[in-house]
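Peer 1: dropping a prediction and its sequence here:
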Amino acid sequence: MNSYLALHQTKDESVRDFVAEATTVCKTAAEGDLEQRICHLPEDPRFADLAIAINSLLDSTDAFVRESSATLAAASKGKFYRRFIVRGMPGSFRRGAIQINDASNEMAAQAETLEEAREHRDEAFLKLESLVSESNARVESTVAEISKILGGVTVLAINARIEASRAGEASAGFGVVASEIEKMAQRITKSTDRLTVEVSVFMEESKSILQSILAS
Amino acid sequence: MSASPALNRELLQEYRAVKPTGVERKLGPEEVIVSKTDTKGHITYANHVFCRIAGYTTEELMGAPHSIVRHPDMPRCVFKLLWDVISAGNEIFAYVKNMARNGDHYWVFAHVTPTFNAAGEIVGYHSNRRCPDRKAVELFEGLYKALRDIENSIPDRRIGLETSFNKVLEILESKGVSYDEFIFSVTPN
């Protein structure tokens, strides 16, 4: 304390100015402003060395803060190529810089894994989408085939009914069977129509779900 | 605090008269040149490494334009890129050939960042310059020579600058990378 006061009160003006400047610079740095430096080097080489030492401490701290925030900001934007330049960073600053680079590399690796997983998922869903389309097409063609057969059955039943009415009393039972077949064919047609609608609704909904997943 | 305008004028006259010697000075592998400037590029701080390698005293450098260490071999388009980037509030890395007071030169790997005030406005710039990788220096020596030749071959300075700047963009486009990606790809850790 005494020697500090002595320096403040010294008659040597250059020393007094240096002490005042150094005090201000250190105080502002302690408050988080890393911009100030001692710009007037005292003539006394011992004090000049002290001024350079204080400036160097501030330079290292300032550089570390600038570099670390820039590196992390870049990493958060996916620009993992922007590394912390370790060269010129002494001691603890260097270790901190290496740790930041390690963390950034880890983030890059995780981002890559995530991207790969997304690609796999997209592939699987595209496959699923084409499977759904294919089976829909198969259902449609099967339904069309059934409709065609039902058409034939209906014509046959109508003909059978007409033939039965010509044959008279003896084949009345056959006529009843023929008209029952006709009614059955109509019911089957209704069911296949409903099946077609159900399948196309399922198809549309699954397609929109798949597309919303692929777009995410 | 800046040096007297008279001293600045004297220094600039001296700078203009100096011819490159072709002698290279080298930064120590862990040495860092540090400087700060105001928004116009006038030096507000120069560390002892800067003073030693460039051959000026702190007093002399205060208030001097940072271009006091510019080497005539440097293409102007590099400084255009640098100013475009930092005045937009971004950081930039660049390989730069600088000139010492007596005409010797020294290569640096420069990192320039803007300094913001609490309101987010740019109040100055900060530059850290490190010892560059030799392979990168060889690469940029060749690249800069080509760009400088373009600038020198066109009598209209503005068109010359535009042409060499477009050449830079063309080179980057052919490599399919941004300027930053290119710089980091040729810089070992």
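Peer 2: Okay, I see it. Numbers count the residues shown, from 1 in each chain, chains lettered A, B, ... in the order given.

Peer 1: can you mark which positions in the one helix or strand A:Ser69 maps to are buried?
Peer 2: Element membership for A:Ser69 (DSSP states H and E) is helix A:45-76. Buried positions in helix A:45-76, judged by neighbour count with 16 or more other CB atoms under 10 Å in any protein chain shown: A:47-48, A:50-52, A:54-56, A:58-60, A:62-64, A:66-68, A:70-72, A:74-75. In short, each C-beta sits where N, CA and C put it, glycine included.

Peer 1: what angle do the longest helix belonging to chain A and helix A:45-76 make?
Peer 2: Identified as the longest helix of chain A according to DSSP state H is helix A:91-167. Put simply, helix A:91-167 runs at 0 degrees to helix A:45-76, going by axes from the mean of the first three to the mean of the last three CA atoms, to 10 degrees.

Peer 1: which of the buried residues of helix A:45-76 come close to chain B?
Peer 2: A:Ile52, A:Asn55, A:Ser56, A:Asp59, A:Asp62, A:Ala63, A:Arg66, A:Glu67, A:Ala70 (CB under 8 Å from any CB of the partner chain).

Peer 1: how about the fifth one: what's its closest non-neighbour residue?
Peer 2: I take that to be A:Asp62. Among residues not flanking A:Asp62 along the chain, A:Leu34 sits closest, at 4.3 Å (CB to CB, 6 or more residues apart in numbering or on different chains).

Peer 1: which ones are touching the one you found?
Peer 2: Counting by CB atoms under 8 Å, 6 or more residues apart in numbering or on different chains, A:Leu34 makes contact with A:Leu58, A:Thr61, A:Asp62, A:Val65.

Peer 1: report pLDDT for the third one.
Peer 2: Meaning A:Asp62. You'll see A:Asp62 listed with a pLDDT of 94.

Peer 1: residues contacting it?
Peer 2: Applying CB under 8 Å, 6+ apart to A:Asp62 gives the contacts A:Leu34, A:Glu35, B:Val34, B:His126.

Peer 1: please apply the same query to the last one.
Peer 2: The contact partners of A:Val65, by CB under 8 Å, 6+ apart, come to A:Leu34.

Peer 1: show me what from chain B comes close to chain A.
Peer 2: B:1, B:29-32, B:34, B:36, B:44-45, B:47-48, B:58, B:62, B:91, B:93, B:109, B:111, B:113, B:115, B:124, B:126, B:128, B:130-131, B:180-181, B:184-185, B:187, B:189.

Peer 1: neighbours of A:Cys80, how many?
Peer 2: Quick fix: residue A:80 is Phe, not Cys. 19 (other CB atoms under 10 Å in any protein chain shown).

Peer 1: ignore the last one, B:Arg76
Peer 2: 16.

Peer 1: that one is in contact with B:Glu162, isn't it?
Peer 2: No - at 10.4 Å, B:Arg76 does not count as touching B:Glu162 under the criterion of CB atoms under 8 Å.

Peer 1: closest residue of chain A to chain B?
Peer 2: Using CB to the nearest CB, the single residue of chain A nearest to chain B is A:Gly88, 4.0 Å away.

Peer 1: what residues are up against the nearest residue to that residue once chain neighbours are set aside?
Peer 2: Nearest residue to A:Gly88 in three dimensions, chain neighbours excluded: B:Val32, at 4.0 Å (CB to CB, 6+ apart). Contact analysis of B:Val32 by CB under 8 Å, 6+ apart lists A:Asp59, A:Ala63, A:Gly88, B:Asn47, B:Val49, B:Asn128, B:Arg129, B:Arg130.

Peer 1: kindly report the same for B:Pro29.
Peer 2: A:Arg87, B:Cys131 are the contacts of B:Pro29 under CB under 8 Å, 6+ apart.

Peer 1: starting at the chain centroid, how far to the longest strand along chain B?
Peer 2: The residue-count maximum for a strand in chain B (DSSP state E) belongs to strand B:105-116. Relative to its chain's centre, strand B:105-116 lies at 7 Å (CA atoms, centre = their mean, to the nearest Å).

Peer 1: show me what it is packed against.
Peer 2: Strand B:105-116 is packed against helix A:45-76, helix B:76-87, strand B:92-99, strand B:122-130, with contacts defined by 3 or more CB pairs under 8 Å, 6 or more residues apart in numbering or on different chains; DSSP states H and E.

Peer 1: now those in CSV, with distance to A:Ala160?
Peer 2: Output for the helices and strands packed on strand B:105-116, formatted as CSV (distance: least, CB to CB, whole Å):
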stretch, distance to A:Ala160
helix A:45-76, 80
helix B:76-87, 90
strand B:92-99, 92
strand B:122-130, 96
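
Peer 1: which one, of those, ends up nearest to A:Ile188?
Peer 2: helix A:45-76 (63.3 Å; CB to CB).

Peer 1: and the pLDDT for the residue of chain A most remote from its centre?
Peer 2: Centroid-distance maximum for chain A: A:Glu169 at 79.2 Å, with CA atoms, centre = their mean. A:Glu169 is assigned 81 on the pLDDT scale.

Peer 1: for chain A, what's the nearest residue on chain B?
Peer 2: For chain B, CB to the nearest CB, closest residue to chain A: B:Val32, 4.0 Å.

Peer 1: how is chain A partitioned into domains?
Peer 2: Per the record, chain A has its domains at A:2-82, A:121-215, by automatic domain parsing.
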